[in-house]
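**Student:** Predicted model and sequence below, questions to follow.
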Amino acid sequence: MFIQYDASFDGLLSAVAWCFRRGLKPEGFLSESDGPTLLEVCAIPREQNIRRLFRRHLASRLGPESGSAVLDSAYRAYLSEDGGIADQIGVYLERALQLGCDPSGRLYEPPVAAVAGAARRVSAQAHKYLGLLRFHNVGPAFSVADFRPDYHVLPIILPHFTDRLADQNFAIRDLRRRIAALHLSDGRVSLHILAESGFPPDEGEMPLAGPFPGQAELAAAASERTAAEPDFSALWRLYLKRLSIPERRNPALQRANMPKKYWKYLTEDPSEY
């Protein structure tokens, strides 16, 4: 029998917990976003506070530090959106409880290796975007940063920017998944789905759907940036130009550390420095 969950990490944890309590080993976990299936499935609703309950249970069995590390690895692996990762996470969590320790070192076990590898790739890309995300002004007091990550790293990087830019209005738009996180200067944070119409996805300039504070400023990102912004952009490029040492340029090493797929939404052109 296959177990169906509601396409969220908490939904997956609810499905895994439901199986653990009954001692069941399902044939696999299916997300609601996978669409209809002819397979026999049992739909499990999301439990309230399931992540907190899982964290507490893992801490009691593995210790607070190991329990937190296991749950964090499972979450980051889930954000990789790899095919079949939900099944691997279920086995990974089961092994952690069986062993009473963090199983991440047991890379000879395929499910553990899959989860650890996915979590590592997601963490690496999230770390890159902490330094590569570029904001541009689209209103008197509103800025937007666009990116198109391979993995769903927005939930990981968002706390960093809400802390660093706590007094500012801004939005971070994931153009691959057509979602955006909106942060307002009063501390409110919300998630929005990018409108399906208006602009081709490849252009990456799409307004958010539904009325909300800051919508007018964010929609302006589809047209022109503010007149003041080019001055700051030029200053940033001039700073990099003065900072770089032409004799020490190494394009091959530069592309190895920052592949060209990251260049599209940068203010600067890395090939010039």
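**Tutor:** Perfect, I can see it now.

**Student:** So which residues of the stretch 51-200 of the chain form helices?
**Tutor:** 64-79, 85-99, 110-132, 154-164 (DSSP state H, counting those that start in this stretch).

**Student:** Distance to residue 257 and mean pLDDT for the ones you listed - can I get that in TSV?
**Tutor:** Every C-beta, even on glycine, is put in place using the N, C-alpha and C of the backbone. Formatted as TSV, those follow (distance: least, CB to CB, whole Å; pLDDT from 0 to 100):
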stretch	distance to residue 257	mean pLDDT
helix 64-79	22	96
helix 85-99	27	95
helix 110-132	9	96
helix 154-164	19	96
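
**Student:** for those helices, which one sits closest to residue 173?
**Tutor:** Nearest of the helices of the stretch 51-200 of the chain to residue 173, taken as CB to CB: helix 154-164 at 9.0 Å.

**Student:** Can you list the neighbours in contact with that closest one?
**Tutor:** 76, 79, 122-123, 126, 129-130, 133, 145, 170, 172, 174, 177, 179, 181, 183, 189 (CB atoms under 8 Å, 6 or more residues apart in numbering).

**Student:** just stretch 88-107 next, same as before
**Tutor:** Residues from elsewhere that reach stretch 88-107, judged by CB under 8 Å, 6+ apart: 12, 15-16, 19-20, 26, 29, 54, 58, 61-62, 66, 69-70, 73-74, 77-78, 109-116, 118.

**Student:** so what's residue 183 up against?
**Tutor:** Residues in contact with residue 183 (CB under 8 Å, 6+ apart) are 158, 161-162, 165, 168-171, 189.

**Student:** swap the cut-off to 10 Å and go again
**Tutor:** 143, 158, 161-162, 165-166, 168-172, 189-190, 214 (CB atoms under 10 Å, 6 or more residues apart in numbering).

**Student:** just residue 262 next, same as before
**Tutor:** Per CB under 10 Å, 6+ apart, neighbours of residue 262: 125, 128-129, 132-133, 147-149, 255, 270.

**Student:** before we move on, the earlier item: is it possible to get JSON lines of the contacts of residue 183 that adds neighbour count?
**Tutor:** Formatted as JSON lines, these follow (neighbours: other CB atoms under 10 Å):
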{"residue": "143", "neighbour count": "23"}
{"residue": "158", "neighbour count": "15"}
{"residue": "161", "neighbour count": "19"}
{"residue": "162", "neighbour count": "16"}
{"residue": "165", "neighbour count": "14"}
{"residue": "166", "neighbour count": "10"}
{"residue": "168", "neighbour count": "15"}
{"residue": "169", "neighbour count": "21"}
{"residue": "170", "neighbour count": "23"}
{"residue": "171", "neighbour count": "24"}
{"residue": "172", "neighbour count": "22"}
{"residue": "189", "neighbour count": "11"}
{"residue": "190", "neighbour count": "15"}
{"residue": "214", "neighbour count": "22"}
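
**Student:** can you redo those residues as CSV with distance to residue 90?
**Tutor:** Below are those laid out as CSV (distance: CB to CB, whole Å):
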residue, distance to residue 90
143, 40
158, 27
161, 32
162, 31
165, 37
166, 37
168, 40
169, 40
170, 37
171, 34
172, 31
189, 30
190, 31
214, 39
